[in-house]
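[1] Got a predicted structure plus its sequence, pasted below:
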Amino acid sequence: MTAIAPEAAILRTTPASGQRIWRVVRLNMVNKWSTIWLPIMIMGFIWVVNYLIWWIIWVAAGPKDRADALQNTQWSGGAFYIFVYMLVVGITVISLTFPFALGYSVTRRDFYLGSALTFGMLAAGYSLGFTVLSLIEEATGGWGLGGHLFTSIYFGGGGVWSRLFIVFAAMLFFFFVGSTSATIFMRWRVNGLLLAGAILVLLLVGAVALITLTGSWAAVGTWFATMGPTGVVAWLLVPTALGAVAGFFILRKATPKS
């Protein structure tokens, strides 16, 4: 609590709305250890582990089989950690910072808009870093070993702007999934989360049933292949926007509870 008190004290003033929103951003970013440095350190550790795996494959496979063996690293899921962590950040911003901010007379509107701006800034920063690392990985031939972590097939083979967009949009999706889940919990507690989860499961099962009964799986596969990673991720902006709007209105009625 003492770590964020200096920033929180500033929130008592009532300047223009833009300044109040920016102060919420500063409040959310006070603990840079959990929002910036910790995910970078863990991502670095994941890279080290992957590098050791690539080196083992490089040595064990031999010159003739190295290319085929390392080709399978295009499906690496190691980089997905950073996206899951953004979901956790979205949850903690609402569940931990929101009750504290209300104690300093921050309006729910300003808090939510400031938090959304925080998510956008973090997504932009991380997507830029991710893209730079993917370019380095490409330029060095997979860090000299033909490995793939930041250039996995999920992120496409497009140019710089395509990679930036894919990572940025995916991070925004996870941010708002986390924050919307936290607002539901803040408003309706566990019962709200259970109901929301049940509705989501029913929708997914209904979609699978519809595709199966109409024999449309081939068309779905064709759609994914045609859209490519960039097109598929672009569609994530729809649930992201819906989650952001829903979170805004839910939070207006939410009351923190001990």
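    Structure's in. What do you need?
[2] Show me the residue sitting in the middle of the protein in space.
    Nearest to the geometric centre of the chain sits residue 171, at 3.0 Å (CA atoms, centre = their mean).
[3] Touching, that one and residue 127? I think so.
    Yes. Assessed by CB atoms under 8 Å, residue 171 is found in contact with residue 127 at 6.2 Å. From N, CA and C alone the C-beta is placed, and that goes for glycine too.
[4] Which neighbouring elements make contact with the helix ranked longest in the chain?
    Taking DSSP state H as the criterion, the chain has its longest helix at helix 160-213. When contacts are defined as 3 or more CB pairs under 8 Å, 6 or more residues apart in numbering; DSSP states H and E, helix 160-213 packs onto helix 81-92, helix 108-139, helix 217-235, helix 237-251.
[5] and of these, who's closest to residue 196?
    Among these, helix 237-251 comes nearest to residue 196, with 9.8 Å by CB to CB.
[6] can I get the CA coordinates of that closest one in CSV?
    The C-alpha trace of helix 237-251 is given here as CSV (Å, rounded to 0.1, in the frame of the first residue of the first chain):
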residue,chain,number,x,y,z
LEU,A,237,-10.9,-7.4,-32.2
VAL,A,238,-14.7,-8.1,-32.2
PRO,A,239,-14.8,-10.0,-28.8
THR,A,240,-12.1,-7.6,-27.5
ALA,A,241,-14.3,-4.6,-28.2
LEU,A,242,-17.4,-6.4,-26.8
GLY,A,243,-15.5,-7.3,-23.7
ALA,A,244,-14.2,-3.7,-23.3
VAL,A,245,-17.6,-2.2,-23.6
ALA,A,246,-19.2,-4.8,-21.3
GLY,A,247,-16.5,-4.3,-18.7
PHE,A,248,-17.1,-0.5,-18.7
PHE,A,249,-20.8,-0.8,-18.0
ILE,A,250,-20.4,-3.7,-15.4
LEU,A,251,-17.7,-1.7,-13.5
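[7] now for it, which elements pack on it?
    helix 108-139, helix 160-213.
[8] Figure out which of these is closest to residue 255.
    helix 160-213 (7.6 Å).
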